[in-house]
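Peer 1: need a structure here:
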Amino acid sequence: MKKGLFLLLFLGSIFTTFAQQIDYNTSGGYIADGYDVVSYFNKKAEKGSKKYQTTHDGVKYKFASQAHLDTFKKDPDKYVPQYGGWCAYALGAMNKKVDINPKTYEIRDGKLYLFYNAWGTNTYEKWIKEGQEKLKAQADKNWEAKKYKK
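Peer 2: Predicted coordinates:
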């Protein structure tokens, strides 16, 4: 019995040590700077409330309402921002993880993409102008090499 328990604890520590975790952008402690990821799919960028929050894949999320929290819990992977919530344009164009402005986003093919927008630079506009299909393909490729915490 003791040997079995020791083996279980040992194997658990190995898997924990070697498990790769996605490098989510959690500025302010929450994904999408605390904005409600479900609201984006309703064509709104709404701030979430501490009253309605949950954790998924080790990351904290806030929601504007109980209904949005319930919706998220039914299918959380549908609402997780692409590229861990980092700027889609920066990942595609420069292969860099750059913070986002949670009010600048796109829903494309049922997925949420977030962008940097400050100091006169709106990367969503660049995403459109420079060719979003090409940038998305490059961002997908770059993300595979950058998505895990090191």
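Peer 1: can you count the residues close to the closest residue to G28 other than its chain neighbours?
Peer 2: Once flanking residues are discounted, G28 sits nearest to G34: 5.6 Å by CB to CB, 6 or more residues apart in numbering. Quick note: C-beta positions are derived from backbone N, CA and C, even for glycine. Look at G34: counted by other CB atoms under 10 Å, it has 20 neighbours.
Peer 1: which ones are touching G34?
Peer 2: If a contact means CB atoms under 8 Å, 6 or more residues apart in numbering, then G34 has G28, K47, G48, K62, P102 as its contacts.
Peer 1: which residues of this structure score low on pLDDT?
Peer 2: Applying pLDDT under 70 to the chain flags residues 1-20, 150.
Peer 1: where do the strands sit along it?
Peer 2: Counting by DSSP state E, residue ranges of the strands within the chain are 49-56, 59-63, 101-108, 111-115, 117-118, 121-122.
Peer 1: Count the neighbours of E130 for me.
Peer 2: Under the neighbour criterion other CB under 10 Å, E130 is assigned a count of 13.
Peer 1: Ok, K73 next?
Peer 2: For K73, the number of neighbouring residues by other CB under 10 Å comes to 13.
Peer 1: Was I right to think it contacts T54?
Peer 2: Yes: counting by CB atoms under 8 Å, K73 sits close enough to T54 to count as a contact (6.5 Å).
Peer 1: Verify the stated contact: K50 with Y61.
Peer 2: No: contact criterion CB under 8 Å: K50 and Y61 do not qualify, at 11.2 Å.
Peer 1: With that, I have no additional questions.
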